[in-house]
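Asks: Need coordinates for the following:
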Amino acid sequence: MSEIQIPDALRYSKEDEWVRAEGDRATIGVTDYAQQQLGDIVFIELPEVGRQIEAGEPFGVIESVKAVSDLFAPIGGEIVEVNQGLTEGPEAVNEDCYGDGWMIVVAPSDSGAIEALLDASAYGTHCQEREDQG
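Replies: Alright, predicted model coming up:
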């Protein structure tokens, strides 16, 4: 497995999304592991602001030269912001998945849901186990 970045300050889902809690908002994107597996990102479809999402449900689509995949919400809540820059420049996910490549900002419906996600160490173990099986 090539070296992947897993920042300690974030929480992670087993579906390879990350969450950064910021007060009463949470920014969500895909992890470095996910973008490496996908390869060059060519298209991203994101939801409308104001939409309610539930944890575990698809909230958008990411397309690379290798595959088309659903984006799964790691937490539930109302979408309050969408990264419109990804429409014109989806490659930002490959270049800076934890920065400019963020996807949506959510007002969580359950603040405890973020803490229930994987921490960096547990997510790293999860990625390694998949590499070992695959």
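Asks: Would you mind finding the longest helix in this structure?
Replies: In terms of residue count, the longest helix belonging to the chain (DSSP state H) is helix 120-133.
Asks: Would you mind confirming that F43 makes contact with A67?
Replies: No: when contacts are counted by C-beta atoms under 8 Å, F43 is not listed as touching A67 (11.5 Å). To be clear about C-beta, it is placed using only N, CA and C from the backbone, and glycine gets the same treatment.
Asks: hmm, back to that, how far does the longest helix of the chain sit from the chain's center?
Replies: Computed by C-alpha atoms, centre = their mean, to the nearest Å, the chain-centroid distance of helix 120-133 equals 16 Å.
Asks: repeat for stretch 118-134
Replies: The chain centre lies 16 Å from the centre of stretch 118-134; the measure is C-alpha atoms, centre = their mean.
Asks: Work out for me the element S69 sits within.
Replies: With the criterion set as DSSP states H and E, the secondary-structure element containing S69 is strand 68-72.
Asks: quick one: strands adjacent to that strand?
Replies: Under the criterion DSSP bridges, strand 68-72 sits next to strand 58-64 (antiparallel) in its sheet.
Asks: So what touches the partner strand?
Replies: With contact meaning C-beta atoms under 8 Å, 6 or more residues apart in numbering, strand 58-64 is reached by 30, 38-47, 51, 53, 68-73, 79, 90, 93, 103-104.
Asks: Quick check: buried residues in that strand?
Replies: 59-60, 62, 64 (16 or more other C-beta atoms under 10 Å).
Asks: would you turn those residues into CSV with distance to G134 and pLDDT?
Replies: As requested, the buried residues of strand 58-64 are arranged in CSV below (distance: C-beta to C-beta, whole Å; pLDDT from 0 to 100):
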residue, distance to G134, pLDDT
F59, 26, 97
G60, 25, 97
I62, 20, 97
S64, 18, 97
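Asks: quick one on the thing from earlier: next, show the common contact partners of F43 and A67.
Replies: Common neighbours of F43 and A67 (C-beta under 8 Å, 6+ apart) do not exist.
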